[in-house]
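S.K.: Provided below are the primary sequence and the corresponding predicted coordinates.
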Amino acid sequence: MNAEPARTILVVEDDPMLRELLAYMVSAQGYEVVEAADGGEAIQALDQQEARHPFSLVLLDVMLPGIDGLDVLRHRAERGYAVPIVAMSASHAHLAAAEQAGAQVALAKPFEMAQLLGLLEQQLPPRS
């Protein structure tokens, strides 16, 4: 029996079809997935998960309604959460702002799924 906790990824995307696709592709790679449709849900999920077992990674759409991805990045920094974040956006200006706010990787939309899955493997520590 493997005692290692499951690697869980938070997928934050306001487009329901893209969020569902991302969640499916990530879970097909053996990761557990938690989904959030906006920044408020993302912050709530981060706070709840941090109290138990922190997320392994966050896939974060930067352009969200209301509380946007930059707000989520600021919240993570204020709380001192160490979870790596892959920021996603079609806007290069938003991606640059996300990197300045602490995102580890900026991924321009549209992107190939193979590119995203490769980034996951680069950002996540190998299983022991």
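M.R.: Now that the structure is in, tell me what you want to look at.

S.K.: Please compute how far the helix or strand of the chain with the lowest mean pLDDT lies from its chain's middle.
M.R.: Lowest mean confidence among the helices and strands of the chain (mean pLDDT, DSSP states H and E): helix 113-123, at a mean of 91. Centroid displacement of helix 113-123 relative to its chain, using Cα atoms, centre = their mean, to the nearest Å, is 12 Å.

S.K.: cool, stretch 19-37 as well?
M.R.: Worked out by Cα atoms, centre = their mean, stretch 19-37 lies 10 Å from the chain centre.

S.K.: Sketch out the helices for this structure, chain order is fine.
M.R.: 16-28, 39-52, 69-79, 92-100, 113-123 (DSSP state H).

S.K.: For these, which has the smallest mean pLDDT value?
M.R.: Least confidently modelled of the helices of the chain is helix 113-123, at a mean of 91 by mean pLDDT.

S.K.: who touches it?
M.R.: 9, 22, 25-26, 29, 31, 57, 59, 84, 86, 104-105, 107 (Cβ atoms under 8 Å, 6 or more residues apart in numbering). Every C-beta, even on glycine, is put in place using the N, C-alpha and C of the backbone.
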